[in-house]
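*Asks:* Compute the structure for the input listed below.
(2 chains)
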Amino acid sequence: MSFLQRKWARELDYRLIKELWAFQGNRIAVRFAYEWHDDAGHWFRSFGNENWEFDEHGLTWTHAEIVNRALLDFFR
Amino acid sequence: MTLKQAPAIPSHTGGAVIMQTAEARPPLPPFTLETAIQKVRAAEDGWNSRHPGQVSLAYSAQSRWRNRSEFVVGREQIVSFLQRKWARELDYRLIKELWAFQDNRIAVRFAYEWHDDAGNWYRSFGNENWEFDAHGLMTVRHACINDLPIREEDRKYHWPLGRRPDGHPGLTDLGF
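*Replies:* Alright, predicted model coming up:
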């Protein structure tokens, strides 16, 4: 199964918000947070930073994404 | 911990008003390519010192961090966070690289190598978002990090502990 198919098979009811942090030439840095639950009903908020680099056609050709997740119970 | 801040003294440099205080950490925003690279190298050098108190002085008194899924506020919590970090991450060596900058913000990526007390080595990869106040102190830091187990013979960082020597390859040079 491809990466995204595996991702959304595991991360259920996925809802994402992204925000621009900085840009420079053909590069963009963003941050994001998404909420989801696993098949046992545990909710998570996953935080991440992404660095994107684009070719002249506007397609991402470098994508470094790093995510850390926190059990939402932790915030209650 | 209470930190006293000296009153701001405005001075004129090249037509721009720069607020200088006892706590100022140049270079100050807005950043240029050159000063953003300087800021990134200063942060790398600071963390390679593995000195929590000294490192904390680069951050504003109420600096807000997200490190992985841990939330840290203020210098006192920063110091205790870093003490725990470097008690666990032994023989820590870090390389940072600029990704992008804009006004008072910088985005970087980094990789550091370390081992645990059982002798297992790791290469940890991360992206960070930084935001600075007018004094050049970091007010916001978002860091995402993942730890990759490596074999000791696969280590790429071998310089004597402390500052990475001038001329040592950077992240892109090493293929990271």
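*Asks:* Helix or strand with the lowest mean pLDDT in chain A?
*Replies:* Least confident helix or strand of chain A, by mean pLDDT, DSSP states H and E, is strand A:60-71 with a mean of 78.
*Asks:* so what secondary structure elements neighbour it?
*Replies:* strand A:43-54, strand B:121-132, strand B:138-150 (3 or more Cβ pairs under 8 Å, 6 or more residues apart in numbering or on different chains; DSSP states H and E). C-beta here means a position set from N, CA and C on the backbone, and glycine is covered the same way.
*Asks:* Alpha carbons of stretch B:137-146, as PDB, please.
*Replies:* What follows is stretch B:137-146, C-alpha atoms only, in PDB (Å, rounded to 0.1, in the frame of the first residue of the first chain):
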ATOM      1  CA  LEU B 137      16.000  36.800  21.100                       C
ATOM      2  CA  MET B 138      14.000  33.800  20.000                       C
ATOM      3  CA  THR B 139      10.400  34.100  21.200                       C
ATOM      4  CA  VAL B 140       8.900  31.000  19.400                       C
ATOM      5  CA  ARG B 141      10.400  27.700  18.500                       C
ATOM      6  CA  HIS B 142       8.600  24.800  16.900                       C
ATOM      7  CA  ALA B 143      10.700  21.700  16.600                       C
ATOM      8  CA  CYS B 144       9.800  18.300  15.100                       C
ATOM      9  CA  ILE B 145      12.300  15.500  15.500                       C
ATOM     10  CA  ASN B 146      12.500  11.800  14.600                       C
END
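*Asks:* list the buried ones in it?
*Replies:* Across stretch B:137-146, burial judged by 16 or more other Cβ atoms under 10 Å in any protein chain shown covers B:137, B:138, B:139, B:140, B:141, B:142, B:143, B:144, B:145.
*Asks:* mean confidence for that stretch?
*Replies:* Averaging pLDDT along stretch B:137-146 yields 97.
*Asks:* and if you look at stretch B:149-163?
*Replies:* pLDDT averaged over stretch B:149-163 gives 98.
*Asks:* So residue A:29 is in contact with residue A:23, correct?
*Replies:* Yes: with contact defined as Cβ atoms under 8 Å, residue A:29 reaches residue A:23; the gap is 7.2 Å.
*Asks:* Give me the common contacts of the two.
*Replies:* residue B:100 (Cβ atoms under 8 Å, 6 or more residues apart in numbering or on different chains).
*Asks:* More neighbours: those two, which one.
*Replies:* Neighbours were counted for residue A:29 and for residue A:23 using other Cβ atoms under 10 Å in any protein chain shown; residue A:29 has more, 26 against 16.
*Asks:* and residue B:105, how many neighbours?
*Replies:* Look at residue B:105: counted by other Cβ under 10 Å, it has 21 neighbours.
*Asks:* who does it bridge with?
*Replies:* Note on residue B:105: beta-bridge partners by DSSP bridges are residue B:102, residue B:131.
*Asks:* so who does it touch?
*Replies:* A:21, A:22, B:129, B:130, B:131, B:132.
*Asks:* Spell out which parts of chain B neighbour chain A.
*Replies:* Proximity of chain B to chain A, by Cβ under 8 Å from any Cβ of the partner chain, involves residues B:66, B:68-69, B:99-102, B:105-107, B:109, B:125-129, B:142-146.
*Asks:* can you tell me the helix or strand for the most centrally placed residue in chain B?
*Replies:* What sits nearest the mean C-alpha location of chain B, by Cα atoms, centre = their mean, is residue B:43, with 3.6 Å. Per DSSP states H and E: residue B:43 is located in helix B:33-49.
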